[in-house]
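Turn this into a model:
(2 chains)
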Amino acid sequence: MKSTMRAIGSRLLYGIPVLIIVTLGAAALMDLMPGSPGQAILGDAATQEQVDAINAQLGYDQPFMVRYLEWAGNALRGDFGTTLFTQEPVTDVVMRRLVVTAQIALMALLFALIVAVPFAMLAALRSGKLLDRTLNFITSALLSIPSFVNVVIVSLIFVVWLKWFPATGWVPPSESLADNLRYAFLPALALSIYEGAFFYRVIRSDLTGTLREDYILVARAKGLPRSYILARHAMRPSLTSLVTVMGLALGRLLGGAVIVEFFFSVPGLGAEAVNAVSIKDMPVIQAIVTICVVAYVLIFIVVDLAYAWIDPRVSVR
Amino acid sequence: MKMSRFRLSALAVAAAAALTLSACSGDGGGTASPTATVPSAETPAEGGELTILVAGAMSTWDPGSSTGSFPGVQWDRLYAVYGALLTVNTDGVVEPGLAESLTTEDGGDTWTLTLREGLTFTDGEALDAQAVKDNWDRFADPANNLGALRVASTFATTVVDETTLEIASNETNPVLDIQIADSIAFIASPASFPPAGTPLTEPIGAGPFTLEQWDPAVGETFAKNPDYWDEGKPYLDTLTFQLVADPAQRVTSVVQGDAQIMNGYPFQWIADADNPSVGVFPVASGGIRHFVFNTTSDLFSDVRARQAVQLAVNPTELVQTLTQDPAAEGSTALFPDTSPYYDAELALPEQNVEDAQALVDEITGEGTDFTIDLLIAGVPELVRAGELFQLTLQELEGVTVNLTQIPIPEWRAAAYDKDDFDVTFYPGVFDLNSPQVGFGNLFGVGGLDNFANFDDADMTSAISEAREATTDEDRIAALQKVQEVYVDQVPIMVFGIDYRSFLHGADVVGLQSMGRGALYTDRIGYEAE
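Presented below is the predicted three-dimensional model:
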């Protein structure tokens, strides 16, 4: 237990320099962007004096490092400032969006696993056979379809043709869980297509290797059923790569579901990032970047811990 | 076939509008008296929730931030929360609202605004003449940097009594009523004014609804204002504006019944034109589709360059590419042929590539680089049109076209405030339901829509004559001069006439639009069972 805590602590420490570099980069990017918060609020027709006055009011007239340190100090206390236009606490806005994106990302991972694991097991059992080759072809095709095409295909099938799901919108689970799932289904499905194909290939590859191990041959020689061997002896050692790619996928989905959220009008982190960039809402942009970095660091701590759980021979240091 | 039927109905409505305009224009535009509202086809039932899909987010609720009564931008939502003192209908006639009338007795030097009795904001404060004065004074203060400054700074006001405000125009302005109705018609409770330079985030008005929820990434929800001045209205209990950025997704949502209204153009929903679950409401006043030359750029300050481009472009090809309607016909006149101001002689010359090349050769022969920076707002139809423009112009020897796409919310700032273009396509149609005001915006020095930076003495004089005309003959003569300067100087190139429309659920009734297409949201509702 002590070693696990030490491992978590050390990984958190490793995450600090990453966090500093990325947030410094985000702050610097904002300085490199054309315009300023004052300009964004007042519009391009404002005089320089008016813009300068607003920038001074918001503290954007301070030197870069002074602003960064002040921002970092506040961020450590969970205060990311207020949005430029709605004057809401940025933390509230970003957390509201994060919940939506996290729900869709987790649903997408679930969908991907539900499809990928059984098909990967089937393909591994029939390695090199027609089913395996067919599934390899299909997943190659799915991996090559960009998300902006995925969303259109999913919408065409489930909204236009089948009329099973709404085209756009969002209902929070607090209002209606059933409606929430209806609205979340298609964005999650669209996101799960790539991840599902990717998971399939990783699991299939690992399983195929594991099924050639000596201890599997021994189990087969003992006459154990193939399904039992697969579930009890082959699956667990084949999960390490899957856990890594799931961690990567979750991080990617949290920060990168922009196209899907835009297309289905889902008020998630991606949609907020697009909105914030378009109106140059710099406190929001900085907060989203920070949240994504923190999420990545936390996800990889969980992934490292999961390795040890899956394979006790792996020690966490 | 589907498209033709749409176009026929739209043209029929436009023709009716033009006839009405012709009939109504004799009063000189200087008087806005209580006018009967065009009756809705059906009075809606009370109650219900309705969702309107829009593409853009609200960044401020400042009543001085509006840029005209266009649908799908700020106007509909500001109207929902503030109502309007006055509005301009599709015939170009000013309709009463919170104000009973705005009249002038001296041709536009002084005006009298008369408010309805007993108006209150939703915070309980009185909406009286002093509140209107406070709002307009705030608009006119440059420290607030509001778009309303342009109109609000052209007059001074004096409170006469609770319901009467005297307006003294800086210059004779016979169309001030239209300008007020289309620019500074929204009045907020003075208690809600934010400090200068701070966005107004908690709007308090006297409109048909109150703002319940606002999330810039999602949209807004409004609840019925039970104390709205127009008894019985609004019909809806809840009105929602939902952001859906993708136009095809907006259409699908309305067709599926997940939302009830979206604005756009018929070519966006051709596939669903005959779907019984939806209807189409065309805005009666049409407008021009055009692209603009920056007449202050190095290249296009030379009228020959503008003429060369105009001669190279085929308007029918352009409008067909934009609308994807093979039956669409190009037009280079400033008015549709149904308008009393239309003159077939006052259109641009037909496409003539040889003459265009000769002009290009002449200009490049003088050492001028014929490179065109084409600025396009990134919506599919404009991108299509822009790419055709690029291909067409690059057919000419010596011409290069650099196409830049920018997000549509950034287009106005890039084109109007920064003049960052040689040629740009106006997104949507430019409405000319009140041409005496519209041309002032389009071609007048400092005009709100003078993206061309056009500054021409003859045009300025013609626009003034049109504004000051008191008879149909005078107005037609003045607008003829406007068209002559347009043909001679080509500050813009019109390539088609089009009509804004709304796609709506079949059970939605009471749709009526203002001059530039924004809906009267207090009149919308569901069909009574």
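
And the strands in the stretch 351-500 of chain B, which stretches?
Ranges of strands in the stretch 351-500 of chain B, per DSSP state E, counting those that start in this stretch, are B:371-377, B:400-406, B:423-425, B:430-431, B:492-498.

Now those in a markdown table, please, with extra columns for mean pLDDT.
Rendered in a markdown table, the data for the strands of the stretch 351-500 of chain B read as follows (pLDDT from 0 to 100):
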| stretch | mean pLDDT |
| --- | --- |
| strand B:371-377 | 96 |
| strand B:400-406 | 95 |
| strand B:423-425 | 97 |
| strand B:430-431 | 86 |
| strand B:492-498 | 95 |
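
Nearest to chain A, out of those?
Of all the strands of the stretch 351-500 of chain B, strand B:400-406 sits nearest to chain A, with 10.3 Å by CB to the nearest CB. Heads up, the C-betas are built off the backbone N, CA and C, glycines and all.

Contacts for the closest one, please.
Here strand B:400-406 makes contact (CB atoms under 8 Å, 6 or more residues apart in numbering or on different chains) with B:370-378, B:383, B:386-387, B:389-390, B:393-394, B:414, B:421.

To what extent is A:Met235 buried, counted in neighbours?
Residues lying near A:Met235 (other CB atoms under 10 Å in any protein chain shown) number 20.

ok, it touching A:Leu207?
Yes. At 7.3 Å, A:Met235 and A:Leu207 qualify as touching, with contact defined as CB atoms under 8 Å.

Now list whatever residues contact both of those two.
A:Met121.

now for the strands of the stretch 351-500 of chain B, which one comes closest to B:Pro63?
Proximity to B:Pro63, assessed across the strands of the stretch 351-500 of chain B by CB to CB, is greatest for strand B:430-431 (21.4 Å).

Who are the packing partners of the closest one?
Helices and strands touching strand B:430-431, as assessed by 3 or more CB pairs under 8 Å, 6 or more residues apart in numbering or on different chains; DSSP states H and E, comprise strand B:287-293, helix B:435-443.

And the longest one, what does it pack against?
Packed against helix B:435-443, as judged by 3+ CB pairs under 8 Å, 6+ apart, are the following elements: helix B:176-183, strand B:430-431, helix B:457-468, helix B:472-489.

With mean neighbour count as added columns, please give those in TSV.
Output for the helices and strands packed on helix B:435-443, formatted as TSV (neighbours: other CB atoms under 10 Å in any protein chain shown):
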stretch	mean neighbour count
helix B:176-183	27
strand B:430-431	24
helix B:457-468	20
helix B:472-489	18
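
Would you single out the least confident of these?
Comparing mean pLDDT across those, the weakest is strand B:430-431, with a mean of 86.

hmm, who's touching it?
Contacts of strand B:430-431 (CB under 8 Å, 6+ apart): B:285-290, B:438, B:442, B:449, B:500, B:515-517.

try 7 Å
By CB atoms under 7 Å, 6 or more residues apart in numbering or on different chains, the surrounding residues in contact with strand B:430-431 are B:Ser285, B:Gly287, B:Ile288, B:His290, B:Gly438, B:Leu442, B:Asp449, B:Gly515, B:Arg516.

Chain A versus B:Leu98, what's the distance?
From B:Leu98 over to chain A the distance is 27 Å, taken as CB to the nearest CB, to the nearest Å.

Pretty sure that residue sits against B:Gly83.
Yes. The criterion here is CB atoms under 7 Å, and B:Leu98 meets it with B:Gly83 at 5.4 Å.
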